[in-house]
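K.L.:
Just to be clear, the model below is a prediction. Sequence and coordinates:
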Amino acid sequence: MIDFAGLRDRWRRYDVVVRDLLFALLLTGLALVPDWHRHGTRLADAVPARPFDGWGVLIVVVECLPLAVRRIRPTICLALVFAGFAADQLSGYNTLGGTALPVALISVGLHADRHRRAIVVAATAAFLALAVVLGRVGQLGPDVVALFYLVLGSMWVVGATLRRSRLAELDHRRHLADAARAAERTRIARELHDVVTHHVTAMVVQAEAARYLTGAPDRLDEALAAISDTGRQAVTDLRHVLDLLDPGHGGELQALVERTRRAGQPVELVEQGSLPEAAGSAVATVYRVAQEALTNALKHDHGARTSVTVRYRPEEIDMRISTDGSGAGAGSAGGSGRGLTGLRDRVGTLGGDFSAGPLAGGGFLVTARIPTGVAS
């Protein structure tokens, strides 16, 4: 049975240019099919048709291949596609490559972050200039110009509408992330209260009792040892809570892995790419996923070879944490507790994907895709 979800996840891990290049190549190939020449958009009827030749191939390439950068360089993509479209119309090839122009307009309406009004003005001026030139060399009425401009303008509107929807979704995710952080702070505050109340109260009681044991040295030593043990446990618990308050980023992840190694777990950490500057709460979630997964590895597959792979992308962070099942306790049902359930909810709140479960050959696997909230 084909694992479509797995194929989709692997496809999404490719760079966005690689993904868009596939569509650009497909459209280029369709436009170069001989039987489909001169079956594309034709604005001016009287422009003399020209036999398809090497210049036609070059025009199709300029018209279609820039779609590979339509998301990372939408303005450049539109400029190149329009240049190819204009050459196509003026040469009389009228190939299917003209389909790239609506796609480029949708893309620039969706992905262009700056100078959006200037882009609209420049695109309108370029189209009107093309219409004037075509009107001189062929037959192009104002009704055709107006209709085609409305069609192209609607493509921009579609992209702009999708952009507004995406920004609204990102804003909604930020609100959810803020709510999740507020709930996390409340939980941590309760943990701090419990740690301080329990351990410090116990130390005070033990210290008060020790005052009356000066005549019994053996019992006094026991009381002082109990106070010392309680204090060390309090420090340990407080450090754990403070780690949750300030998980940091890559450096803290390295420290987490190093602590796990010292606890007897051979962990290999691989980080790919650069952490986005505006990753926000995704950074804390990355730390929590690694912390929970490594804690489960220590409990349920202690001593097993463990790998932690973190791949940073502009729009998301991918994580994969696994053990090979060679450690002590590997047969127990690790990773089924409330910690992983809470992480699944936390990652889902950010709009990501989370999975955890045993591997067929032994060991355990945790994967997470955590959106950063940075539009690409």
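P.N.:
The structure has been received and is ready for your questions.
K.L.:
Looks like residue 166 contacts residue 111 (just checking).
P.N.:
No - contact criterion C-beta atoms under 8 Å: residue 166 and residue 111 do not qualify, at 9.5 Å. No exception for glycine: its C-beta is placed from N, CA and C like everyone else's.
K.L.:
So residue 165 versus residue 276, what's the distance?
P.N.:
Distance of residue 165 to residue 276, computed by C-beta to C-beta, to the nearest Å: 22 Å.
K.L.:
ok, residue 166 and residue 111, which is more surrounded?
P.N.:
Remark: of residue 166 and residue 111, residue 111 carries more neighbours, 20 against 13, as counted by other C-beta atoms under 10 Å.
K.L.:
now the helices: where do they sit in the stretch 51-200 of the chain?
P.N.:
54-64, 74-91, 100-111, 116-137, 142-195 (DSSP state H, counting those that start in this stretch).
K.L.:
What is the longest one packed up against?
P.N.:
Helix 142-195 makes packing contacts with helix 100-111, helix 116-137, helix 217-245, helix 281-300, helix 338-349 when contacts are defined by 3 or more C-beta pairs under 8 Å, 6 or more residues apart in numbering; DSSP states H and E.
K.L.:
got it, and the third one?
P.N.:
Counting contacts by 3+ C-beta pairs under 8 Å, 6+ apart, the secondary-structure elements packed against helix 100-111 are helix 16-31, helix 54-64, helix 74-91, helix 142-195.
K.L.:
run the last query once more with 6 Å
P.N.:
helix 74-91, helix 142-195 (3 or more C-beta pairs under 6 Å, 6 or more residues apart in numbering; DSSP states H and E).
K.L.:
out of those, deepest packed?
P.N.:
By mean neighbour count, with neighbours taken as mean count of other C-beta atoms under 10 Å, helix 74-91 ranks first of the helices and strands packed on helix 100-111 at a mean of 22.
K.L.:
pull the CA atoms of it into PDB?
P.N.:
Output of helix 74-91 as PDB, limited to C-alpha atoms (Å, rounded to 0.1, in the frame of the first residue of the first chain):
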ATOM      1  CA  PRO A  74       7.900  36.800  -7.500                       C
ATOM      2  CA  THR A  75       8.600  40.300  -9.000                       C
ATOM      3  CA  ILE A  76      11.500  39.000 -11.000                       C
ATOM      4  CA  CYS A  77       9.500  36.000 -12.100                       C
ATOM      5  CA  LEU A  78       6.600  38.300 -13.300                       C
ATOM      6  CA  ALA A  79       9.000  40.600 -15.200                       C
ATOM      7  CA  LEU A  80      10.700  37.600 -17.100                       C
ATOM      8  CA  VAL A  81       7.400  35.900 -17.800                       C
ATOM      9  CA  PHE A  82       5.800  39.100 -19.200                       C
ATOM     10  CA  ALA A  83       8.900  39.700 -21.300                       C
ATOM     11  CA  GLY A  84       8.600  36.200 -22.800                       C
ATOM     12  CA  PHE A  85       4.800  36.700 -23.200                       C
ATOM     13  CA  ALA A  86       5.400  40.000 -25.100                       C
ATOM     14  CA  ALA A  87       8.000  38.400 -27.400                       C
ATOM     15  CA  ASP A  88       5.600  35.500 -28.000                       C
ATOM     16  CA  GLN A  89       2.800  37.800 -29.000                       C
ATOM     17  CA  LEU A  90       4.900  40.100 -31.200                       C
ATOM     18  CA  SER A  91       6.600  37.100 -32.900                       C
END
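K.L.:
so how far is it from its chain's centroid?
P.N.:
On the basis of C-alpha atoms, centre = their mean, to the nearest Å, helix 74-91 is displaced by 31 Å from the centre of the chain it belongs to.
K.L.:
Columns distance to residue 363 on top of the helices of the stretch 51-200 of the chain, output as CSV?
P.N.:
Listed next are those as CSV, based on distance: least, C-beta to C-beta, whole Å:
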stretch, distance to residue 363
helix 54-64, 46
helix 74-91, 43
helix 100-111, 41
helix 116-137, 50
helix 142-195, 29
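K.L.:
how's this protein carved up into domains?
P.N.:
12-140, 259-376 (automatic domain parsing).
K.L.:
Now render the ones you listed as CSV, adding distance to residue 226 and mean pLDDT.
P.N.:
CSV is the format used below for the domains of the chain (distance: least, C-beta to C-beta, whole Å; pLDDT from 0 to 100):
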stretch, distance to residue 226, mean pLDDT
domain 12-140, 53, 90
domain 259-376, 26, 81
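K.L.:
how about TSV for the ones you listed, with distance to residue 230 added?
P.N.:
Shown next, in TSV, are the domains of the chain (distance: least, C-beta to C-beta, whole Å):
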stretch	distance to residue 230
domain 12-140	48
domain 259-376	23
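K.L.:
right, and the ones you listed - which one's nearest residue 147?
P.N.:
Proximity to residue 147 (C-beta to C-beta) singles out domain 12-140 among the domains of the chain, at 10.3 Å.
K.L.:
distance between that closest one and the chain's centre?
P.N.:
Relative to its chain's centre, domain 12-140 lies at 30 Å (C-alpha atoms, centre = their mean).
K.L.:
now stretch 268-285
P.N.:
10 Å.
K.L.:
Now do the contacts for the residue nearest to the spatial centre of the chain.
P.N.:
The chain has residue 316 as the residue nearest its centroid, 1.4 Å off, counting by C-alpha atoms, centre = their mean. With contact set as C-beta atoms under 6 Å, 6 or more residues apart in numbering, residue 316 has these partners: 369, 371-372.
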